[in-house]
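> Turn this into a structure:
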Amino acid sequence: MRGLPFFTRPSRHTAAVRPRVAERERVYAVGDVHGRVDLLNALLDDIREDMVLHDDGRTARVVLLGDYIDRGDSSRHVLECLRDLSCELFSCDCLMGNHEAAMVDFLEDPTHGEAWMKMGGSQTLASFGVQVPVRPLTQDDLSRIRDDFREAVSPLLPFVSALPLIATSGDVVFCHAGVNPARDLDAQTTRALLWGHPDALRDEPLPGKLVVHGHYDDPEIVSRPGRICLDTGAYYSGILTAIRFDDDEHVMRAGR
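As a prediction, this is how the structure comes out:
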């Protein structure tokens, strides 16, 4: 589904001029994928077609907002797909999400394993063919699982470990979990950007900027003055959402 106009409800907090991406860029922001490679491939196909339909000399750029793994069944294929997007003709920014950070933490220290698995890491391990015993796990179990997973994921680890926290275009800021409104953009902490902040969902979190993020799932796009949340719960809703930012904002969806 392509090119649906996206409008926000008027608010006295809304700036007179909506913050926009850079003049010579057309940016497609994609919400949390969570192992749904089927939806990701369908949405990327629509984005490629949309780029051709709206080609006017601007630089096309795709920004993915993190949380590519866990919960859905195809985390490995999602990571492989995103790694290979570097071969595309458009610029692609894949941002770090808290689920990727939790995976890296487990690889560095197996004591983090149970916490990650409760977040959906078990589905990611299964997608890499790593067996997890169906019983309470010992520290030896976690170390063995970590070692098996590290071997299986090693071709993708340089890609995942290097994922950035923030991307920007013009006055639009892209990150996974929003920002801490009490800090300037260049003073944001890794924890706030990946795991959220108690005030992240306030209106106008960065005055003069539009913050586009995921992390807080809702079957519908949540648009507030100064921020948009694009996590539409793909793993349970069956809908993966993107917005095209250029002279306006247009919603794109893959799924039912």
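> can you give me the strands in the chain?
Using DSSP state E, the strands of the chain run over residues 4-5, 25-30, 59-64, 91-94, 166-169, 172-175, 210-213, 222-224, 227-229, 239-245, 249-255.
> helices or strands up against the fifth one?
Packing contacts for strand 166-169, counted by 3 or more Cβ pairs under 8 Å, 6 or more residues apart in numbering; DSSP states H and E, involve strand 59-64, strand 172-175. For the C-beta atoms, the positions are set from N, CA and C on the backbone; glycine is no exception.
> From the chain's centroid, how far away is that strand?
Relative to its parent chain, strand 166-169 has a centroid offset of 13 Å by Cα atoms, centre = their mean, to the nearest Å.
> before we move on, the earlier item: check the helices and strands packed on strand 166-169 for me and report the most buried one.
A comparison of the helices and strands packed on strand 166-169 by mean neighbour count, using mean count of other Cβ atoms under 10 Å, puts strand 172-175 on top with a mean of 26.
> what about the longest helix in the protein?
helix 37-53 (DSSP state H).
> which residues are contacting that helix?
1-3, 26, 28, 30, 33, 60, 62, 72, 74, 77-78, 81, 85, 90, 234, 238-240, 242, 244, 252-255 (Cβ atoms under 8 Å, 6 or more residues apart in numbering).
> Whichever of these end up buried, select them in PyMOL.
Here is the PyMOL selection string for the buried members of the contacts of helix 37-53, based on 16 or more other Cβ atoms under 10 Å:
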select buried, resi 2+26+28+30+33+60+62+72+74+77+78+81+234+239+240+242+244+252+253+254+255
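> For Asp203, which of the strands of the chain is the nearest?
Closest to Asp203 of the strands of the chain is strand 222-224 (Cβ to Cβ; 5.2 Å).
> could you say what helices and strands that closest one packs with?
strand 227-229.
> which other helices and strands contact the strand it packs on?
Secondary elements touching strand 227-229 (3+ Cβ pairs under 8 Å, 6+ apart): strand 210-213, strand 222-224.
> Setting aside sequence neighbours, what's the nearest residue to Tyr216?
Counting by Cβ to Cβ, 6 or more residues apart in numbering, Tyr216 lies nearest to Cys229, which is 5.4 Å off, once chain neighbours are set aside.
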